[in-house]
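**Q** heads up, no residue letters with this:
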């Protein structure tokens, strides 16, 4: 195993010692493909299929909490065996959301077609995901042809093609391929994610598909996915917008023969690797935040659980904080303002603010500091804000992108 | 009285029949001035003083609910006789927020200096307001000189100068001068407001000072201000950001001799005029929303009170909705997404969406419509979105600005 980590880029990720990056290839038991079926006007890849050939594959899934869920999300929740997902069919270019009963029927059609193309006996073993524009009927004939074509194109190293086929406004593809050394042996862990806009710290965000050839029971898969999603996708915000379509799926083929049993060292080791992968993918999504130049990390300590979460979110979602981040401006007054907005009725609030290690506000009052040095410190790609509230005990973090001209251009022109 | 209404511009304001616009001048009993004292690097006007010469002036006031309130807001709440405010001293260019005890002492110094300069016996009869950058010590010597100079410059038609002195990033001055015909006689109603960024539907937003020579008891003034602020400044959002400094003050000199008694026709007539003035000022603030090109009005009906407010705010504060408004794009999918985000756990939500009178979504599903005609309809300056939730009874509205390049430029470069 090599020690080169080209996937892990952020200083905010601790890379587990037992993880290495092979060149490519899905875990044993999985095949994938990505094709262009004509949903995207650009003619780019827009239909992905990913299949486990192992009947006893276990899985876990998380979906958006939105009240206006896309047809595929509604279908997965109603007609999918979520503990035994064998295949995933996903398209980009059309979210199949706000499409009513016809949209639901189209999602069911995708499910049936993918079961056939992937050689999976039961439609209920297929998860469906769609991302793209909302409120436009899905061109189901093109999708059906694409699924058939993808079925023929399935291969062991098709993960990059699959990742490419689920992109929308993403500036770059986001996928991981890792080997994880456990006590029971080496297992592979791969993941493909998409997401740049409509990203918020909700229940699950974006599309992210994770595969491993480790053997996990559905309960263990569910537990590990639950814990790691909370620490990754629920801790990022591009624009505070919960999507109609967010889906995260973990599939475990067991083909490595390595069992990950509950409450063992291997469960911990595997969980740490999964955690690092999802956190790095979440950070990629933030740094791709529709034109983002910089990523901020806000850490809030003190107060109570409710307060630290409200404050972190108020800071991360403030357009004033986000434009200052974009402008490379250490405008801490906007941090104080956002904190105050999240804590009504507490004035005068004795808040401390530190930016990139420099205290700028203590007990609600400015701290004299070298402004030029601080301005220089906020020109890098990752900026850290620390906030201390009165009281003690709680702590949270949230990663967020800036708000710049590219976001406006992209979103003012991304047509209906 | 003339029938020309140059102040009332929005189609969303019903102009009361008993209101007319004289050329200028404060209500009897009031004088004002605005000077440049050197707070703003530009050398522009930055210090305003407004005084009622009538000892028995009654008043009412509203302040931000923020946990990090500016020193002037804290001072007003602690050391001001809010039912008998005789004078207002306000500066722009510096918010005197996050300035701790020294900031509070500076605000008290402003209060004392203004009492002297305005010929008001008690410092407690002076309200103080500051707006501008947060976390920078106020240059109190310059402010003190400015207050003395403004004291000498006070005059009956100084309201425009006062309005100019409280501007920060405002692209235009916002002030009203109206005559209101009551059964008891004609009274004058004037107002000066500032605000473009850091605007949100909180308790009170921005700075707004209102004067009349009608005679109102403090209780009546408080009641009318409470009702009208709820229908105006609490129903606008530029960027969802509650400020540290929001202040609204109504002063009544009584010098017209016209009494506005509780539960009379005149209370209703005066209240309607005040309502129209504050709503139009609120709309001016939104349309000046730091580079705004268009103003949206979202009306939400159905559900319950909590639901309609959450939905209205989610739509108004969505950067995706705001960039679409900016781009002249009738991207109703983003409206549906924002509604879903505000209503977790309700999927599939049967929501109706209408844009500029065209139904685009019914019971959660797209409604075929003429996209070209709708796109043409969303190119004007005021765009209306109507949302119907399942159930009935509740209704609210919210006015919001778009999010465009000008907002980013202004806020990425508005230095600390």
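**A** Received, thanks. Bear in mind that the values here come from a model prediction, so they are computed numbers and not experimental data.
**Q** I'd guessed residue A:319 sits against residue B:237; true?
**A** No - when contacts are counted by CB atoms under 8 Å, residue A:319 is not listed as touching residue B:237 (10.9 Å). C-beta: built from backbone N, CA, C; applies to glycine.
**Q** contact residues of the stretch 201-350 of chain A facing chain B?
**A** The stretch 201-350 of chain A has residues A:202, A:239-244, A:317-320, A:323-324, A:326-327, A:329-334, A:336-349 near chain B, with proximity defined as CB under 8 Å from any CB of the partner chain.
**Q** among the residues you listed, which ones are in helices?
**A** Among those, the ones falling in helices (DSSP state H) are A:317, A:319-320, A:323-324, A:326-327, A:332-334, A:336-342.
**Q** contacts only, for residue A:356.
**A** Counting by CB atoms under 8 Å, 6 or more residues apart in numbering or on different chains, residue A:356 touches A:374, A:377-378, A:383-384.
**Q** next one: phi and psi at it?
**A** Main-chain torsions, residue A:356, degrees, to the nearest 10: phi 50, psi 40.
**Q** also residue A:224?
**A** Torsion angles, degrees, to the nearest 10, at residue A:224: phi -70, psi -40.
**Q** which residue packs closest to it, ignoring adjacent ones?
**A** residue A:271 (5.0 Å; CB to CB, 6 or more residues apart in numbering or on different chains).
**Q** quickly find the element holding the one you found.
**A** helix A:265-287 (DSSP states H and E).
**Q** same question, residue A:130
**A** Following DSSP H and E, one finds residue A:130 within strand A:126-133.
**Q** over to residue A:73?
**A** Assigned by DSSP H and E, residue A:73 falls in helix A:71-79.
**Q** that helix: what's the following helix or strand?
**A** Downstream of helix A:71-79, the first helix or strand assigned by DSSP H and E is strand A:87-94.
**Q** close to chain B, is that next one?
**A** No - in terms of CB under 8 Å from any CB, no part of strand A:87-94 sits within range of chain B; the closest distance is 10.6 Å.
**Q** can you name the element that comes right after that strand?
**A** Taking DSSP H and E, what comes next after strand A:87-94 is helix A:100-117.
**Q** relative to residue A:227, how far out is residue A:306?
**A** Distance, residue A:306 to residue A:227, by CB to CB, to the nearest Å: 21 Å.
**Q** how about residue A:105?
**A** The spacing between residue A:105 and residue A:227, counted by CB to CB, is 36 Å.
**Q** isn't residue A:361 up against residue A:351?
**A** Yes - proximity of residue A:361 to residue A:351 meets the contact threshold set by CB under 8 Å, at 6.6 Å.
**Q** what touches both of these two?
**A** Joint contacts of residue A:361 and residue A:351 (CB under 8 Å, 6+ apart) are residue A:336.
**Q** in the stretch 101-250 of chain A, what residue lies closest to chain B?
**A** Closest contact between the stretch 101-250 of chain A and chain B, by CB to the nearest CB, is at residue A:134 (2.6 Å).
**Q** look up the closest residue to that residue, ignoring the ones flanking it.
**A** Using CB to CB, 6+ apart and skipping the chain neighbours, the partner closest in space to residue A:134 is residue B:333 (2.6 Å).
**Q** now residue A:274
**A** residue A:228 (5.0 Å).
**Q** need the pLDDT of residue A:197.
**A** Note for residue A:197: predicted pLDDT of 57.
**Q** swap that for residue A:140, sorry
**A** The predicted local confidence for residue A:140 is 97.
**Q** so who does it touch?
**A** A:106, A:109-110.
**Q** take the residues you listed and lay them out in TSV including distance to chain B, pLDDT and neighbour count.
**A** Listed next are the contacts of residue A:140 as TSV, based on distance: CB to the nearest CB, whole Å; pLDDT from 0 to 100; neighbours: other CB atoms under 10 Å in any protein chain shown:
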residue	distance to chain B	pLDDT	neighbour count
A:106	13	97	24
A:109	17	98	18
A:110	18	98	29
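**Q** the closest residue in space to residue A:390 that isn't next to it in sequence - how many residues pack around it?
**A** Leaving aside its chain neighbours, residue A:390 sits nearest to residue A:350 (5.2 Å; criterion: CB to CB, 6+ apart). A count of nearby residues for residue A:350, using other CB atoms under 10 Å in any protein chain shown, gives 16.
**Q** measure residue A:350 to residue A:16 for me?
**A** According to CB to CB, residue A:350 and residue A:16 sit 38 Å apart.
**Q** most distant residue from the middle of chain A?
**A** Largest separation from the mean C-alpha position in chain A: residue A:368, at 38.9 Å (CA atoms, centre = their mean).
**Q** returning to that earlier point: what packs against the helix holding residue A:73?
**A** strand A:58-63, helix A:100-117, strand A:126-133, strand A:247-252 (3 or more CB pairs under 8 Å, 6 or more residues apart in numbering or on different chains; DSSP states H and E).
**Q** and those: which comes nearest residue B:21?
**A** strand A:126-133 (47.0 Å; CB to CB).
**Q** who are the packing partners of the closest one?
**A** helix A:71-79, strand A:87-94, helix A:100-117, strand A:247-252.
**Q** indicate which one of the ones you listed is closest to residue A:41.
**A** Closest approach to residue A:41 among the helices and strands packed on strand A:126-133 (CB to CB): strand A:87-94, 7.9 Å.
**Q** chain center to that closest one: distance?
**A** Mean-position distance between strand A:87-94 and its chain equals 16 Å (CA atoms, centre = their mean, to the nearest Å).
**Q** what do you get for stretch A:280-295?
**A** Per CA atoms, centre = their mean, the centroid offset for stretch A:280-295 relative to its chain is 10 Å.
**Q** which element is the residue lying closest to residue A:153 once chain neighbours are set aside on?
**A** Using CB to CB, 6+ apart and skipping the chain neighbours, the partner closest in space to residue A:153 is residue A:33 (3.8 Å). For residue A:33, the host element (DSSP H and E) is strand A:30-35.
**Q** helices or strands next to that strand in the packing?
**A** Contact analysis of strand A:30-35 by 3+ CB pairs under 8 Å, 6+ apart lists strand A:47-52, helix A:140-153, helix A:159-165 as its packing neighbours.
**Q** report the angle between it and strand A:47-52.
**A** Inter-element angle recorded for strand A:30-35 and strand A:47-52: 170 degrees (by axes from the mean of the first three to the mean of the last three CA atoms, to 10 degrees).
**Q** tell me how far strand A:30-35 lies from the chain's centre.
**A** The chain centre lies 20 Å from the centre of strand A:30-35; the measure is CA atoms, centre = their mean.
**Q** returning to that earlier point: quick one: strands adjacent to the strand holding residue A:130?
**A** Strand A:126-133 pairs in its sheet with strand A:87-94 (parallel), by DSSP bridges.
**Q** what about the strand it pairs with, average pLDDT?
**A** Average pLDDT, strand A:87-94: 94.
**Q** if we can go back for a sec, pick the most deeply packed of the helices and strands packed on strand A:30-35.
**A** Per residue and on average, the most neighbours among the helices and strands packed on strand A:30-35 fall to strand A:47-52, with a mean of 31 (mean count of other CB atoms under 10 Å in any protein chain shown).
**Q** so what touches it?
**A** Contacts for strand A:47-52 (CB under 8 Å, 6+ apart): A:29-37, A:39, A:86-91, A:114, A:117-120, A:143, A:146-147, A:149-151, A:154, A:158-159, A:161-163, A:165-166, A:192, A:209, A:211, A:251, A:253.
**Q** neighbours around the residue lying closest to residue A:388 once chain neighbours are set aside, how many?
**A** Spatial nearest neighbour of residue A:388, chain neighbours left out: residue A:352 (3.9 Å); criterion: CB to CB, 6+ apart. For residue A:352, the count of nearby residues is 19 (other CB under 10 Å).
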